[in-house]
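J.: Model the structure of this input:
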Amino acid sequence: MSDAHNPYQSPETQVSIVEPMLSSGGISQKMFLYLRGASPWMRFLGIMGYICCGFIVLGGILMILLPRLFHYSFGYDADFFGPLGFMGVLAGVVYIIMAALWFFPSRWLYRTGARIRAYARTGADSDLEEAFRVNKAFWKFLGIMTIVSLALLPVLIIASLLTALGAAFM
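T.: Next up, the predicted model:
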């Protein structure tokens with residue numbers, strides 16, 4: 001038998017060392033220090049965003065249930081499906097929608113900080129690329145929300161003026 005070919009031998013391949021962007025000149029040391037310094041703040045603000053989302057959801061649920069709680073607890077004559085109940089449900093739903101919308105920027109901000117932290121530990125370019133990808137999603141979402149808010153502002157102003165005029169002449 002010949003030893004030229006061993007079917008049980010592991011395959012051989014050329015292994016090249018992949019240098020992180022920091023050492024290959026993709027980002028400078030000063031850039032890296034700025035990113036690493038911002039990472040804890042991004043993670044902190046992301047966590048605070050999660051906590052605020054939770055409180056906003058709890059507030060929305062409370063607004064939905066508040067008229068019924070007053071009706072049963074204090075004997076008030078507030079009908080759950082009357083104007084007070086409807087306004088509570090409407091405000092509660094708006095709060096829950098706001099919490100859902102704020103969850104995503106909080107998530108992206110936290111993930112950006114976490115990926116920068118991972119890059120600082122490992123030096124893997126994929127961590128830094130993911131941090132920038134998530135950061136782009138964060139700013140894109142905030143930009144779209146700003147445009148939507150600016151577009152809805154005149155509508156809300158006109159609706160509030162019409163509501164005030166309607167209430168004044170009733």
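J.: switch to C-alpha atoms for all contacts and neighbour counts from now on
T.: Will do.
J.: Past the lengthiest helix in the chain, which element shows up next along the chain?
T.: The longest helix of the chain (DSSP state H) is helix 29-74. Per DSSP states H and E, the first helix or strand lying C-terminal to helix 29-74 is helix 83-122.
J.: now the longest helix of the chain: how far from the chain's centre is it?
T.: From the chain centre to the centre of helix 29-74 is a distance of 10 Å (Cα atoms, centre = their mean, to the nearest Å).
J.: any idea of the mean pLDDT in that helix?
T.: What helix 29-74 shows for mean pLDDT is 89.
J.: which helices and strands does it pack with?
T.: Applying 3 or more Cα pairs under 8 Å, 6 or more residues apart in numbering; DSSP states H and E, we find helix 29-74 packed against helix 83-122.
J.: Can you name the next helix or strand after the helix it packs on?
T.: Following helix 83-122 toward the C-terminus (DSSP H and E): helix 125-168.
J.: got the angle for that next one vs helix 83-122?
T.: Angle of helix 125-168 versus helix 83-122, following axes from the mean of the first three to the mean of the last three Cα atoms, to 10 degrees, is 160 degrees.
J.: tell me what helix 125-168 is packed against?
T.: Going by 3+ Cα pairs under 8 Å, 6+ apart, helix 125-168 lies up against helix 83-122.
J.: Tell me the buried residues in the helix it packs on?
T.: The neighbour-count check on helix 83-122 (16 or more other Cα atoms under 10 Å) flags 85, 87-89, 91-93, 95-97, 99, 102-120 as buried.
J.: Look up how far Met170 lies from Met145.
T.: As for Met145, its distance to Met170 is 36 Å (criterion: Cα to Cα, to the nearest Å).
J.: let me redo that: Arg117
T.: 60 Å.
J.: Lys136 now?
T.: When distance is defined by Cα to Cα, Lys136 is 50 Å away from Met170.
J.: go on, Leu62?
T.: According to Cα to Cα, Leu62 stands 30 Å off from Met170.
J.: So those two - more neighbours on which side?
T.: The residue with more neighbours, out of Leu62 and Met170, is Leu62; 16 against 5, by other Cα atoms under 10 Å.
J.: Show me the shaky parts of this protein.
T.: 1-4, 15-25, 71-85 (pLDDT under 70).
J.: mind redoing it with 90?
T.: Filtered on pLDDT under 90, the chain yields the residue ranges 1-32, 63-91, 122-125, 163-170.
J.: returning to that earlier point: now the angle from the longest helix of the chain to helix 83-122?
T.: Using the same axes, to 10 degrees: helix 29-74 against helix 83-122 is 150 degrees.
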